[in-house]
Every structure is written in C-alpha cells, then in structure tokens.
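K.L.:
below are the sequence and a predicted model for it; my questions follow.
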Amino acid sequence: MESANILVIDDERVICEGCRMSLSEKGHTVDICMSGKAGLEAVMEGTYDLVLLDMKLPDLDGMDILKTVRKTKPSVYVIVMTGYSTVQNAVEAMKIGAFDYLSKPFTEDELVVAVDKAAEKKRLVEENLYLRKELLDRFSFNNIVGNNPKILEVFAKIQKVAPMDTTVLIYGESGTGKELFARAIHVHSRRATRQFVAVDCNTFSPTLLESELFGHVKGAFTGALQNKQGIFEAANGGTLFMDDVTNLSMEIQGKLLRVLELGEYKPVGADQFKRTDVRIIAATNRDLKAMVDDGSFREDLFYRLNVFPIYLPPLRKRKDDIPKLLYYFLRRFCRKMGKRIQGFSDDALELLVNYHWPGNVRQLKNVVERLVIMSDGNTMDSLDLMEYLPMKGTLGGVSIPENIEELNALKKKLLEDYFGRIQKAFLLKALKACDGNITRAAERVGMKRPNFHSLMKRHNLTAKRTRA
C-alpha cells in the first residue's frame, strides 16, 4: 500500500497519538489537530489524502467540518469517528460524503483496514481519472492533425454525436484513420470509462467471426472444449468498433441486426439469448449502398448502421494538411529515435505534397518513419525520397537521369509533351473566342500577331481549321 498524508482531528490526545503511532508504522505521514477550527484550517491549507474526523468536537460540529471539506476539497477522503455510534449518525455522514466511519473505541486493526480501504479507493479513482485524461489528450482533436475544411467538418460531427448512443458508420479509404476517429468518438462519450473493443471483420472466416463476435458454448463444434466469451459480451457497456463491416456474411448480418434492434444475441450452439448494451461504430472503405443494390448487403442492416454517417476524405483531397502531418510524424519519430532532423527541403516538401498517397495517412506515417531511420543529416531532400517513396504518381513514371545529357533530353521531352499541349490549348482557346480571327486573338492574349501566328504554325493550326 502506498503511503498517504493523513490528518487526525480529535480533542482526545490519546486517540490522536494512538492513530499517529499505528498509521506511522504502516508508512503513512500523520499530523494531528485537537480542535475543529485548527483541523479545518489545516485541511484547507495542507495537501492531505485522508482525514480522520471526530464528530463531537468542543468548538465546531464535525458534521459541519465534513460538509466544508467535501465542498471545497472533494479529493480528500474523510473517515468519521464517533463515540455516539448510531445508525442515524453513520447514514447521515455517509450521505454527506464520508467514505467510512469508525465507532469508538476501535481496534488498531479496524483503523488500519479502514485507512487502507480509503487510500486504495482514492488511488484507483485518481488512476482512472489520469488514464481518462491521457485518453482524452491522446484522442483529442488537437492530436488529430488537420485544418482542412473537410476534416473540421468531421470534428464538428464527432462533437455532436459522441455524447449520444447513436450508431455511427464511418466511410473512408484504407489508411484514412477510421479507428482513430472511432476512438475519438468513444473517449468523448459517456462510455469513455468502459471498454473500447476493435474487431477487423476482414481477418476472420465467416464461421470463426461468428464465434468471435457472439461466443460459443462447449460442444458447439469440433474443438469447442469450453464456453467462450464473445466480443459482444466483452464490450458490454462500452463501444464496439467493427472495421470492414462489408465482410460480414448474410447470416452474421442478420444476427448483428438483432443486436442493433433488440440488444440481444445467441452464442453459437446456445439455446438462450444473452443481453448486451454496446454502442456500435462500423467502418467500411466500400460503397454500402451499391452493395445493397446488388444484393450483397442487407438493406435493413444498412439503414440501422447508416444512422449517422461520417465520411473521411482521402489525403489527396486535403493536400493542405500534408505539411502538418509530415512535421507531426517527423517530430514524433525524432523523439522516439533520439534524432534531430530539422525538416524537409523545399523540393522534397513539394514532391511529398504532390504525391497521390494511395495509402493515405498510414502510408505517409510509414514513409516518414523510414526516412527518419535512414537519414543522417539535418534536412531531408528529394534525393532521400527517391529511394523510399514510390514517385511514379509524382513524376509520371519518369526515371531519374544519370547525367547532364539525359537531363537535357528529358527537359526537352517534358517541354514538348506537357508544355506543348498546354500551349496548343492556349492558342485554340484564343482563336475560338475570336471566331478564328488571328489578329483579334493575338490582341486578346497580349501578343503580337507575327509571334502568335508563328506559334500556330508550330502546332499546325490554321484559322480555317479553328473555325471549322
């Protein structure tokens, strides 16, 4: 048992000294006050975990002290002591907020047991509050990186739906952070102190998934040697996150529908239904409505799951968040690996922002982790990226030149292929706007007619063909 700071308030010196001696031997720090006024001042000014409070004091009523302590110092646990032990006194003190009571005369063992119970309760409560704060900090919106309007819209939806028990369906491509947002919903809900259980419906066969979700009884199938608790039983009172919900067989879809409608399920091989109180957050990277239309997903289950849909945009549709994510993960992995990397060069950052990121945030995180592992410098440049990032989507499948001749040839080819097409479209747009009149088209775009006409020849354009 961890040591506690304890204050004893009693007008009998023998009680005070006896408590101090017994509790000090157990490793606790004990102060004593022999009047109500001195005791109350000590509680208000000190940092005590526990107060042993006599109910019958010469200057102040113990019940008034208890009320003041509970109101102004709710983290201090109070054990009342009274020589006038009646059920009425005890009930009244407990109603006001006393943790326990001791009737005089009490033994040393009774004292130690009462103090140990109060200290353990206080430790568990504080530990629970700490863990809850840690969860809230970890899954707060401050730690989900993004200022893109689409992500801010997701935050707003989560804030509205989290306190409710509403079923949520999260849509998004693989790697967009569906479980992260599901956990954010959980920790901001009334179920935050209960279990959050995540199951990937894509990792089990239909037969095994049914047993995992609903459990089974002994003898239900070959190898079922004993009763097994299912996920719905384990998550009772908490939140169940079901990823890749489209992988559910039609039979399991029917059982899940019953859970959503009636809050009950039947373990595999069982005769009796079991009750469960679980909030379900489902997720998918597929079009559920299209699956309903082609008959591969139950329509009634779709409407049960789709009560509050949340769409997570892919990373390529919120490019303005990419620099923030890059530096967030860079700082995170630098701390983890004890490295000091300042950031990315301008050309490297441009390549990373313009990359199409098919694996979304998950892929970006993995790439940054690999870059931090391999980097020996203060800044990561485009050369670092070539080896660890598939740049096909960024450079259009172009291979990196080996020498200056290849670089010049590539430059010429890129100018012809890309800029040439843009230049031709530029000329056509001007000519069409002026009904093929070259003079007016040149004036429109701010060029001299000879120069405009020269460009037309380069692209085999004529006024006649343009009008046609």
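P.N.:
Arrived safely.
K.L.:
tell me the first helix or strand C-terminal of the least confident helix or strand in the chain by mean pLDDT.
P.N.:
Using mean pLDDT, DSSP states H and E, helix 392-395 stands out as the lowest-scoring helix or strand of the chain, at a mean of 48. For helix 392-395, the succeeding helix or strand toward the C-terminus, using DSSP states H and E, is helix 404-414.
K.L.:
report the buried residues of that next one.
P.N.:
Across helix 404-414, burial judged by 16 or more other C-beta atoms under 10 Å covers no residue at all. Where C-beta positions appear, they are placed from N, C-alpha and C, glycine not excepted.
K.L.:
using CSV, write out every CA atom in that helix.
P.N.:
Extracted as CSV, the C-alpha positions of helix 404-414 are listed here (Å, rounded to 0.1, in the frame of the first residue of the first chain):
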residue,chain,number,x,y,z
ILE,A,404,23.6,16.1,-67.9
GLU,A,405,22.9,14.8,-71.4
GLU,A,406,20.0,12.7,-70.2
LEU,A,407,18.7,15.6,-68.0
ASN,A,408,18.7,18.0,-71.1
ALA,A,409,17.0,15.4,-73.2
LEU,A,410,14.4,14.8,-70.5
LYS,A,411,13.8,18.5,-70.2
LYS,A,412,13.2,18.8,-73.9
LYS,A,413,10.8,15.9,-73.9
LEU,A,414,8.8,17.2,-70.9
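K.L.:
how far is it from where the chain is centred?
P.N.:
48 Å (C-alpha atoms, centre = their mean, to the nearest Å).
K.L.:
could you list the low-pLDDT ranges of the chain?
P.N.:
Within the chain, the stretches with pLDDT under 70 are 1-2, 84-88, 128-143, 383, 386-400, 416-418, 465-468.
K.L.:
pop the domain breakdown of it in here.
P.N.:
5-133, 145-313, 321-395, 404-467 (automatic domain parsing).
K.L.:
please enumerate the strands of the chain.
P.N.:
5-9, 29-33, 50-54, 77-82, 100-103, 168-172, 196-200, 239-243, 264-265, 274-275, 279-284, 308-312, 343-344, 379-380 (DSSP state E).
K.L.:
so which of those is nearest residue 60?
P.N.:
strand 5-9 (9.3 Å; C-beta to C-beta).
K.L.:
can you list contacts of that closest one?
P.N.:
Defining contact as C-beta atoms under 8 Å, 6 or more residues apart in numbering, one finds that strand 5-9 is touched by 15-16, 19-20, 23, 28-34, 36, 38-40, 42-43, 46-54, 57, 62, 65, 115.
K.L.:
and if you look at stretch 423-435?
P.N.:
437-438, 440-442, 444-445, 452, 455-456, 459, 461, 463, 466-467.
K.L.:
by neighbours, which of the residues you listed wins?
P.N.:
Counting neighbours by other C-beta atoms under 10 Å, residue 441 comes out on top of the contacts of stretch 423-435 with 25 neighbours.
K.L.:
for residue 450, see how far away it is.
P.N.:
Using C-beta to C-beta, to the nearest Å, one obtains 13 Å as the distance from residue 441 to residue 450.
K.L.:
now swap in residue 49 and tell me
P.N.:
Residue 49 is 92 Å from residue 450, by C-beta to C-beta.
K.L.:
who has more neighbours out of these two?
P.N.:
Neighbours per residue, other C-beta under 10 Å: of residue 49 and residue 450, the larger number sits with residue 49, 21 against 8.
K.L.:
mind listing what that one touches?
P.N.:
4, 5, 6, 76, 77, 119, 122.
K.L.:
any idea how far residue 22 lies from residue 443?
P.N.:
Counting by C-beta to C-beta, the gap from residue 22 to residue 443 is 103 Å.
K.L.:
equivalent analysis for residue 350, please.
P.N.:
36 Å.
K.L.:
swap in residue 362?
P.N.:
53 Å.
K.L.:
do residue 69 as well
P.N.:
Per C-beta to C-beta, residue 69 is found 88 Å from residue 443.
K.L.:
neighbour count: these two, which is higher?
P.N.:
Comparing residue 69 with residue 443 by other C-beta under 10 Å, the one with more neighbours is residue 69, at 25 against 15.
K.L.:
contact partners for the more buried one?
P.N.:
Per C-beta under 8 Å, 6+ apart, neighbours of residue 69: 40, 43, 51, 53, 76, 78.
K.L.:
just residue 306 next, same as before
P.N.:
If you count contacts by C-beta under 8 Å, 6+ apart, residue 306 has them with 169, 288.
K.L.:
cool, and the one 10 residues further on?
P.N.:
When contacts are counted by C-beta under 8 Å, 6+ apart, residue 316 touches 356, 357.
K.L.:
mind doing that once more with 10 Å?
P.N.:
173, 322, 354, 355, 356, 357, 358, 360, 393 (C-beta atoms under 10 Å, 6 or more residues apart in numbering).
K.L.:
residue 159 and residue 188 touch, don't they?
P.N.:
Yes - with contact defined as C-beta atoms under 10 Å, residue 159 reaches residue 188; the gap is 7.2 Å.
K.L.:
settle it for me: which of those two has more neighbours?
P.N.:
In this view residue 159 and residue 188 are compared by other C-beta under 10 Å, and residue 188 has more residues nearby, 19 against 13.
K.L.:
nearest residue to that one in space, please, no chain neighbours.
P.N.:
residue 162 (3.8 Å; C-beta to C-beta, 6 or more residues apart in numbering).
K.L.:
I figured that neighbour was touching residue 310, is that so?
P.N.:
No - Residue 162 is not in contact with residue 310 according to C-beta under 10 Å; the separation is 11.1 Å.
K.L.:
intersection of neighbour lists for these two?
P.N.:
By C-beta under 10 Å, 6+ apart, the residues touching both residue 162 and residue 310 are 168, 185.
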